[in-house]
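Novice: With the input below, show me the fold.
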Amino acid sequence: MKTILAFLLLISCSSLWAQPAPSWDQAKKDLLADYGKHQPGAKVHEITGPEKKEGAAIVLRYYGGAQVERADKSKSSDRFFVEYRLFGSKWELHAVRVYEQNTLSDIKPPTAEEAQRILQAAWLGAKCDAFDNLQVALDGAPRFQIETTSDRASAKRWYVYNVKVSAKGNGKFRLSEDGASYVNATQNMLLWNPAEKNWSVEARHLRCTGFSKRS
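Specialist: Now for the predicted structure:
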């Protein structure tokens, strides 16, 4: 018990005598140094924050965001934290972590009208024989993705759409009640073809088995 009390007293005294805790400006400097060390050639165009500051007697953590362009010209919006720990009377950098990374698009998506037209045509061409009157509706904004490869220039690029495909059952198959309303809430991908400058639908995501009867 005496040992525990002495240890707690030591921590308390150390905190009183410690140097001032690192500031947000110091955290930004340490973040830039970490990018320079682990991602040579990366340019940090903007740092935002701190979004949150967490701390106890001997631990301090800053959260923020960064807009980054890497040597291969890829861009991302990163979420990070910088953590410090108190050792004796001195604060030391413990960790810099990018815990979320969203790749930013280098191509614009089609207009909502164009995307809906392309997806509508694709679903009509999917030949879902158990259903009639297929109608595609976009559900929210698309999400950009790029193929993970060392050659960004030739990497595939696509937008992922949440869609709702409504239809009427025609009774031709057991799971298709004649005249009943059905909906298929799914995701579809529009793949960019740089040579032909157009979009195509990933056909493997056009699943006619995904319809459920509306209640």
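
Novice: residues touching Leu134, list them.
Specialist: Leu134 makes contacts with Gln120, Trp123, Leu124, Cys128, Val165, Ser166, Ala167, as judged by CB atoms under 8 Å, 6 or more residues apart in numbering. Where C-beta positions appear, they are placed from N, C-alpha and C, glycine not excepted.

Novice: Can you classify it by secondary structure?
Specialist: strand (DSSP: H, G, I helix; E, B strand; the rest coil).

Novice: Sketch out the low-pLDDT regions of this structure for me.
Specialist: 1-18, 150 (pLDDT under 70).

Novice: How is it divided into domains?
Specialist: If you go by automatic domain parsing, the domain ranges for the chain are 17-103, 112-213.

Novice: The spatially closest residue to Pro109 that is not a sequence neighbour sits in which helix or strand?
Specialist: Once flanking residues are discounted, Pro109 sits nearest to Tyr159: 4.8 Å by CB to CB, 6 or more residues apart in numbering. Element membership for Tyr159 (DSSP states H and E) is strand 157-169.

Novice: So which bits of that strand are buried?
Specialist: Arg157, Trp158, Tyr159, Tyr161, Val163, Val165, Ser166, Ala167, Lys168, Gly169 (16 or more other CB atoms under 10 Å).

Novice: Let me have those in a markdown table, adding distance to Lys53 as columns.
Specialist: Converted to a markdown table, those look like this (distance: CB to CB, whole Å):
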| residue | distance to Lys53 |
| --- | --- |
| Arg157 | 37 |
| Trp158 | 38 |
| Tyr159 | 36 |
| Tyr161 | 37 |
| Val163 | 40 |
| Val165 | 46 |
| Ser166 | 48 |
| Ala167 | 51 |
| Lys168 | 55 |
| Gly169 | 56 |
